[in-house]
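Undergrad: Got a predicted model here, sequence first, then my questions.
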Amino acid sequence: MSRRGRSATRFLRGGEPGTVAARRMMLAATVGVPVLGGLRLWGAHAGLYSNEVGTGLLVMAFLVVMAVLSAGTARRLNRAAAELEDERASLASVLSAAAGYAIVAIGLDGEILLANPGTELLLGYRADELIGSAGRFDLVDPAELVARAAELGVEPGLGAFFANVGPGESETREWTMVRKDGGRVPVSLTLSAMVVDGAVTGYTGIARDISEERRILHELHRTTEQLTEIVRLIPLPLIISRMSDARISVVNAAWLETFGFERDADVLGRSAAELELYARAGDRQPISNALARGERVSAADVELRHRDGRSIQMQVSAQQLEIDGEPCILGVLVDLTDQLRNEQELARLASENSLLLEAAADGIIALGVDGRITYVNSTVTRLLRWPRSKLVGELMYEVVHHTLPDGSPRPRGKSPIRRVLSEGGRGSTTTSSGAATARPCRSPTPSRRSPPAPVSMGRSSTSTTSPSASGGPGSSRMPVNRRSRHRG
């Protein structure tokens with residue numbers, strides 16, 4: 001439809017006060033004048049009044065009709081003006097309240113029709129410096145304007161902004177705005193078309209300062225890069241995977257070496273299930289369930305699988321964390337293979353030592369640093385006729401070392417055993433049942449917190465001295481006294 005046709009349609013159907021008044025005036029002119037003219041002619045022909053009086057009555061009647069129509073029209077126009085003023089006040093209030101956003105209205109020729117207080121805050125220009133000006137392309141970074149125009153295949157001007165904005169459409173892009181003081185401000189600018197009767201009459205733009213968002217994103221990226229670097233430097237195997245699909249996003253060199261992979265690319269973007277890392281399927285579900293509940297997994301024993309298929313005993317600790325706004329899982333692994341192998345070897349050595357001690361002809365008693373018996377071999381139980389259960393855990397002095405060979409009481413603390421406990425070195429004594437020596441020794445698995453304790457080896461008058469051996473952790477050598485007041 002042509003512009004003239006749209007104007008005629010608006011005149012005939014429009015509800016605007018001016019349009020309604022115009023239609024009534026036209027109706028009065030096209031209907032009222034013929035009717036009143038007919039009445040004048042009828043009255044004059046009937047001799048009710050002369051032609052002059054009839055004409056005067058016609059004019060007066062027409063003026064009355066027009067006065068009534070004008071009064072109604074004036075009321076409508078006044079009411080419409082009041083409503084328009086209310087709308088303008090409401091719009092001004094909204095624009096003023098949106099101080100965090102720069103809102104402008106632009107005509108088709110690029111003239112700025114409106115600028116809210118947020119525009120003044122963002123760009124540093126007063127509203128009266130912007131409204132009425134046209135072609136203010138200096139408000140945008142010129143390099144970005146040229147680049148966008150080249151991208152759209154248009155001249156650097158209004159087309160670079162509004163080429164993709166039509167009726168019912170909008171476009172949001174990031175631009176760099178230029179302030180009055182020359183400073184640069186990154187913004188997110190949303191442009192939309194103003195449409196009247198299906199035709200675009202101008203555009204509105206809403207800009208939001210995204211400087212803080214960019215700063216936060218930069219910090220997040222920097223933190224992520226630092227975290228990734230830390231992960232790669234940690235000597236323990238470490239893995240980060242996404243919560244959403246369980247796919248691996250980061251592994252360090254220790255993880256790759258532990259599981260036999262050469263490159264990150266061999267595992268990144270794949271899940272533990274795809275890599276068949278779990279040797280036992282049941283190990284994975286409890287860990288996944290705990291993490292889904294937001295719990296932390298600490299030192300969970302699992303059996304994982306090397307790339308070549310062999311099993312690896314591991315200890316897994318894991319917890320949730322957020323990276324670039326996405327929930328992820330951080331897992332730290334400890335390889336228990338060497339530890340388990342060492343424990344098995346220690347158990348084997350302990351078993352062999354126990355067999356050697358039990359087979360020794362000498363009576364061997366091991367003491368802790370507090371003087372309590374921690375081990376006795378079978379020879380001791382035979383020589384002293386004490387059951388093992390009555391000796392282990394008891395103080396050596398109280399049980400078997402309280403009397404001298406001649407039967408007199410031994411002063412507490414006056415024995416080679418006590419001296420070895422307090423000073424170290426080597427002590428020896430002779431009892432009625434034979435000779436005994438005491439010296440400090442360590443257990444096969446020494447603890448940094450446990451100093452050497454004495455072990456005592458005694459032999460009867462008919463036995464020979466055997467090489468010393470330790471009876472257990474924190475042990476000591478001591479003389480054996482068969483003359484005990486507490487025989488069992």
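TA: Received the coordinates, thanks. Residues are numbered from 1 along each chain as shown.

Undergrad: Need the nearest residue in space to residue 254, chain neighbours excluded.
TA: With CB to CB, 6 or more residues apart in numbering as the criterion, residue 254 has its nearest non-adjacent residue at 4.7 Å, and that residue is residue 237. Any C-beta I mention is one placed from the backbone N, CA and C, and that applies to glycine too.

Undergrad: Correction: the previous question concerned residue 253.
TA: Nearest to residue 253 is residue 232, by CB to CB, 6+ apart, at 6.2 Å.

Undergrad: For the helix or strand containing that neighbour, could you pull out the residues that count as buried?
TA: Per DSSP states H and E, residue 232 falls inside helix 211-233. For helix 211-233, burial by neighbour count (16 or more other CB atoms under 10 Å) applies to residue 231.

Undergrad: Please list the outside residues in contact with that helix.
TA: 185-186, 238, 240, 250, 252-253, 323-325 (CB atoms under 8 Å, 6 or more residues apart in numbering).

Undergrad: Strands of the stretch 251-400 of the chain, residue ranges please.
TA: For the stretch 251-400 of the chain, the strands defined by DSSP state E, counting those that start in this stretch cover 297-305, 311-323, 326-335, 363-367, 373-376.

Undergrad: Which of the ones you listed sits closest to residue 132?
TA: strand 326-335 (48.1 Å; CB to CB).

Undergrad: Packing partners of the closest one?
TA: Contact here means 3 or more CB pairs under 8 Å, 6 or more residues apart in numbering; DSSP states H and E; on that basis strand 326-335 packs against strand 238-242, helix 253-259, strand 311-323.

Undergrad: Go again with 7 Å.
TA: strand 238-242, strand 311-323 (3 or more CB pairs under 7 Å, 6 or more residues apart in numbering; DSSP states H and E).

Undergrad: Now render the ones you listed as a markdown table, adding mean neighbour count and distance to residue 216.
TA: Below are the helices and strands packed on strand 326-335 laid out as a markdown table (neighbours: other CB atoms under 10 Å; distance: least, CB to CB, whole Å):
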| stretch | mean neighbour count | distance to residue 216 |
| --- | --- | --- |
| strand 238-242 | 20 | 21 |
| strand 311-323 | 16 | 13 |
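
Undergrad: Let me know the secondary structure of residue 122.
TA: helix (DSSP: H, G, I helix; E, B strand; the rest coil).

Undergrad: Reduced to three states, what does the closest residue to it other than its chain neighbours come out as?
TA: Leaving aside its chain neighbours, residue 122 sits nearest to residue 102 (4.2 Å; criterion: CB to CB, 6+ apart). Under three-state DSSP, residue 102 falls in the strand class.

Undergrad: Residue 102 - how many residues pack around it?
TA: Neighbour count of residue 102, defined by other CB atoms under 10 Å: 25.

Undergrad: which regions of the chain sit below the pLDDT cut-off?
TA: 1-55, 57-59, 61-63, 65-66, 68-69, 83-99, 401, 413-416, 421, 424-488 (pLDDT under 70).

Undergrad: Which stretches in the stretch 101-250 of the chain count as strands?
TA: Under DSSP E, counting those that start in this stretch, the stretch 101-250 of the chain gives strands at 101-107, 112-115, 170-178, 184-196, 199-209, 238-242, 248-251.

Undergrad: The first one: which residues count as buried?
TA: Translated: strand 101-107. Residues 101-106 are the ones in strand 101-107 that count as buried (16+ other CB under 10 Å).
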